[in-house]
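[1] How does the following fold in three dimensions:
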Amino acid sequence: MAKDIRWEITINGIVQGVGFRPFIYKLAHRYLLRGFVINSSDGVRIETEGRENVLADFLKAIINEKPQQAVIISVKSKELPYAGYHSFFIRNSRHNEGFSLIAPDIAVCSECRNEITTSGRRHNYVFTNCTNCGPRFTIIEDMPYDRANTTMRNFTMCEDCRTEYENPQDRRFHAQPIACPKCGPQLFLTDKNGQELATKEEALKQATTALKEGKIVAVKGLGGFLLACDAANEQAVATLRIRKKRPHKPLAVMARSGAEIIRFCSLSNVELSLLLSPSAPIVLLNKKECSIDIATNIAPDNAYIGVMLPYTPLHYLLIEQADAPLVMTSGNLSEEPICIDNQQALERLGSIADFFLMHNRSIACGYDDSVAYVENGQTFMVRRARGYAPYPIKTAFKMPPIAAFGSNDKNTFTLTKDNLAFVSAHIGDMGYILTDNNFDNIMALYQRLFKITPQILVADKHISYGSTIKAKEKAEELKLPAIYVQHHHAHMAACMAENSLDIYEQVIGLSFDGTGIGDDGHIWGGEVLLGGYQKIKQIASLQYLPLASGDGAVLYPARLAYGYLKACGIEAAPSILDKLSSEEKDVITVQITKNINTPLSSSLGRLFDAVAALLNFNEPITYDAQAAIALEDMALKSQDQLSYGIKFNKDESDVERLDIKSILEDVLADINRHINIHDIARRLHNTVCSYALQASIIARNQSGTKKVCLSGGVFANRLLLKEIIAALSKAGFEVYTHQSLPFNDGCLSLGQAAVAAVKWQKGDF
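    Numbering: from 1, shown residues only. Presented below is the predicted three-dimensional model:
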C-alpha cells in the first residue's frame, strides 16, 4: 500500500497580496492534504503531506487555478522526511534573505462595489477591499506582505473584521488591508486652510456638492492626490488650468461607465476591456466633436481624451453622487511629483483646490495613474505606474545588480536582479528638489523590497541631465563603477530587452524623439541605427539643422521654424514671417549666420515642431510635444496619400542624411498653393514613414537583419506608429515595439541597464 510522503513547494512571483495563501489553504483541504503554507521574503512556501499522485495533482491545480491577480515565475518542489502533520494551516510569515514580487494596486472588484451600494456594515465605506482588490504597493513598506509591514498596521481589526480575516471561506481571509467603518481609515473634508468641515459620509456628500457648484476638490486616492472638478463645466476647467499652471495639456476624465463614455468618445470593445481591467489605466480615446457632455477645453488641439473608470470605492461613490464625468488630474503643480501626504497637499495644493477630501491612511509610495492606448488591437503604454509597476520585465539574459538612473524627463529608474529588471513607476522630470527627493525615496524602497544592492551604476551620456549628475555623485560616494550610455542606443536596447532579444542579436533601431546627445556631441533624434546591446552604428539620420537659442527653440516653434528656413537659405512666405516680430527675426538671423547658441540637431521631434509652426501653430509650448500633437491632430483629419520626396546625402561619417531642406521647400510650396493644412500634415507623416522604410532597407542591405526595434517619444504619435509598422511589415521586416513600457524616455532606464549588463558580461567597461 502506498505511503504518504512530504513535499516542500516553493513558489516565487506575485504570490503575496493576491489571496494566494487562502487559495492554497482551500486547495489543500480539497485534496485532503496536511501541512502548512507560509509567506516568506522570497515568496510562498508550502509543506504538505499525502499520496504522491495526490500531491502531483495538487501542484498542477496550483498552477492551473491560481488567483486571477497572481503571477507565478517559478515553482520548485522537493521531497522531505515525513513529519506526520495532522491538519493544514497558515503559518505566520517569516523573514529571510530572498525576495518576492509585489502586486500592483488592484481596482475595486464587483463584489466590493456591490457591497458599498447595498445595506450592510460596509455601506458607503470608501476603504472596502478584499483579497481580490484594493491597495497593495502603495501601502507596503517591507516584505513579507503582512499587515504589520503596511501602513494599515495603525488600524487594529475589530472583532467582525478579525472573524472575516480568519475564516477560510470568506473572501477576506488573510486580506491584509481589511477594514470597516468601525476599525478602519476614515474620510474627512477640509477647506484649503485645513479646517475640518465634515467626516465620513457627510464629507463625501459635501465634496460632491462642491463639485456640482464648480469648485475644485483635491481627492486623496490610492497613490496620491487627484484634482477633481466638473468635466462639463468650462469655467471650472479653465479655473483649474489657471491655478495648476497647465494652460493646454490635456486633462484626464473619470466617467461612470462605458455608456457615459460613448457620449463624448469612441469606444471599442478592446478599449472597454482595458478600462475595466484590474489595472484600470487612463485610456486615450478618440474624442467626438461637439459633445455637450464634456468641456471643449479638456483636450485642446488633440484628437484624444484620456478617460478612466472609477478604480476605488471612493471614486465610485464620488462620481455616482456627482452624476457627471469629473476631471481627475494629478495633484501637483507642473513638473512636481504627486502629493501623497495630507499636510504636504495642503501646503502645495492650497492655491489650487477649494476643498480637500482626505483620509488618515498613509501612502507609502506615490503612484500616478497609468496611461495607455489601443492601436490595431494592441495596448501601448504612455505612462506606466498604478496597476502595472512594480511588476518586472523579464530579460533573455542574467544581469548583475545594476541601478540605471534613466533620463532627465519622464524619468524612471531600473534595478536588476538575475534576469529581472524592476522598472520603477513614472517619477517625473528631474532637476526639481521634490522630484529628486522622490527618486531617492522610491529607489531606496525598491532596494529594500527586492533585496538589491547595486554594484554598477548607469546613466545617460548627457552630462547636464539631473539623473546623470545624481548617478555620478552616487558612484563617487559609493565608489562604484559608472557607465554612461548614449540616449538612442538605450532606446533601442530597451525595446530589445522588453522583447527578450538575447545578447547576440543584431537589429535595426528606429530611435525617433526630440532630444538626446549623440556620440558626435550634436543633438540626435531621427536615428536609424544598426547593432545590439554592446554597440551601435548610425545608418541614417535627418539632416543637421541649427536650433536657434538652443534649448529655448523647443518652447517657440515659430522661432525654430524661422531658424530652420534661414539655415536652409529658404525665403518664407509673408504669412509665415508674420508670426514673429522683426526683432525676433533679426536675433535669429544673427544667431544662425554667426553660429551663436545654435546647436545642431537631427531631431524628428523638432522637425514636427517646425512644420506645425509653418501650418499656423502659434502657441508657445507649455507641455512636452504640444506642437507635434497638434500636427498629428491635423493629419488625422486627412486621408491624403501623397508624400514629399525622399533624398539622402551621405556625409563624411558614411551616414545617410535625409535632406530636410527639400522637404521644407515642398511644404512651403503646398502652403503657397493653398493646400489644406490637414493634407500637408498628413503628407509629412507619409514622408517620415517613407524615410523609416527606405533607411531600414539600407540597413538590411548592409547587415542582412530583418528585425526592427521602434523606440522614442515620437512613436507616441499613433498615426505614425501604425503607418510605420504597416509599411515595415509589408516589406518583410519583423517589427518589435514597446508594450509593457512607454516609447518615450520612461523606457530608457531599462535600455541603460541592458547595455551595462552586456558590457559587464563581455568585460567591456
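[2] use CA for all of it now, contacts and neighbours both
    OK.
[3] Return the set of buried residues in stretch 519-531.
    522, 523, 524, 525, 526, 527, 528, 529, 530, 531 (16 or more other CA atoms under 10 Å).
[4] just those now: which is nearest residue 450?
    When the buried residues of stretch 519-531 are compared for distance to residue 450 (CA to CA), residue 531 wins out at 31.9 Å.
[5] that older thread, could you list which of the buried residues of stretch 519-531 belong to strands?
    In strands, judged by DSSP state E, the following of the buried residues of stretch 519-531 are found: 526, 527, 528, 529, 530, 531.
[6] What's opposite the last one in the beta bridge?
    Beta-bridge partners recorded for residue 531 (DSSP bridges): residue 507, residue 536.
[7] wait, it sits on residue 507?
    Yes. Using CA atoms under 8 Å, residue 531 and residue 507 qualify as a contacting pair, with a distance of 5.6 Å.
[8] Could you tell me the average pLDDT over the helix of greatest length in the chain, please?
    Counting residues, the longest helix found in the chain (DSSP state H) is helix 677-703. Helix 677-703 comes out with an average pLDDT of 98.
[9] next one: stretch 599-611
    For stretch 599-611, the mean per-residue pLDDT is 96.
[10] Other residues contacting it?
    By CA atoms under 8 Å, 6 or more residues apart in numbering, the list of residues contacting stretch 599-611 from outside reads 512-515, 522-527, 541-548, 550, 554, 557-558, 560-561, 564, 625, 627-628, 631, 664, 667, 681, 714.
[11] are any of those residues buried, and which?
    Buried members of those, scored by 16+ other CA under 10 Å, are 512-515, 522-527, 541-548, 554, 557-558, 560-561, 564, 625, 627-628, 631, 664, 667, 681, 714.
[12] Select from those every entry located in strands.
    Among those, the members falling in strands (DSSP E) are 512, 526, 527, 541, 542, 545, 546.
[13] Quick check: next helix or strand after the longest helix of the chain?
    Per DSSP states H and E, the first helix or strand lying C-terminal to helix 677-703 is strand 707-711.
[14] still on that earlier bit, for the ones in strands among the buried ones among the contacts of stretch 599-611, give me JSON lines that also has pLDDT.
    Below are these laid out as JSON lines (pLDDT from 0 to 100):
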{"residue": "512", "pLDDT": "98"}
{"residue": "526", "pLDDT": "97"}
{"residue": "527", "pLDDT": "98"}
{"residue": "541", "pLDDT": "98"}
{"residue": "542", "pLDDT": "98"}
{"residue": "545", "pLDDT": "97"}
{"residue": "546", "pLDDT": "96"}
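[15] Nearest to residue 416 among those residues?
    The shortest approach to residue 416 among these belongs to residue 512, at 26.1 Å (CA to CA).
[16] Quick check: that closest one vs residue 633, distance?
    Per CA to CA, to the nearest Å, residue 512 is found 19 Å from residue 633.
[17] Isn't residue 21 up against residue 37?
    Yes. Here residue 21 reaches residue 37: they are 6.4 Å apart, a contact under CA under 8 Å.
[18] what do the two both touch?
    Contact criterion CA under 8 Å, 6+ apart; residues shared by residue 21 and residue 37: 44, 90.
[19] Now do the SS call for residue 613.
    Secondary structure, DSSP: H, G, I helix; E, B strand; the rest coil: residue 613 is helix.
[20] Who are the contact partners of the residue nearest to it when sequence neighbours are not counted?
    In space, and not counting its chain neighbours, residue 613 is closest to residue 558: 5.1 Å by CA to CA, 6 or more residues apart in numbering. By CA under 8 Å, 6+ apart, the contact set of residue 558 is 579, 580, 610, 613, 614, 617, 618.
[21] my guess is the second one contacts residue 559, does it?
    It stands for residue 580. Yes. With contacts counted by CA under 8 Å, residue 580 reaches residue 559, the gap being 7.3 Å.
[22] More neighbours: which of those two?
    Neighbour tally, residue 580 and residue 559, criterion other CA atoms under 10 Å: the higher count belongs to residue 559, 26 against 15.
[23] and the gap between that one and residue 81?
    From residue 559 across to residue 81, the span is 78 Å (CA to CA).
[24] One more: residue 14?
    Separation of residue 14 from residue 81 (CA to CA) stands at 29 Å.
[25] Of the two, which one has the most company?
    Just comparing residue 14 and residue 81: by other CA under 10 Å the higher neighbour count belongs to residue 14, 21 against 8.
[26] roughly how far apart are the more buried one and residue 499?
    21 Å.
[27] again with residue 471
    27 Å.
[28] quick one: which of these two has more around it?
    residue 471 (23 against 19).
[29] can I assume that one sits in a helix?
    Yes. Using three-state DSSP, the assignment for residue 471 is a helix.
[30] Quick one: classify residue 39 as helix, strand or coil.
    Here residue 39 is strand, with the state taken from three-state DSSP.
[31] list the contacts for it?
    Under the contact definition (CA under 8 Å, 6+ apart), the residues listed for residue 39 are 16, 21, 45, 91, 92, 93, 94, 144, 145.
[32] The same query, at a cut-off of 10 Å, please.
    11, 15-16, 20-21, 45-46, 90-95, 100, 143-146 (CA atoms under 10 Å, 6 or more residues apart in numbering).
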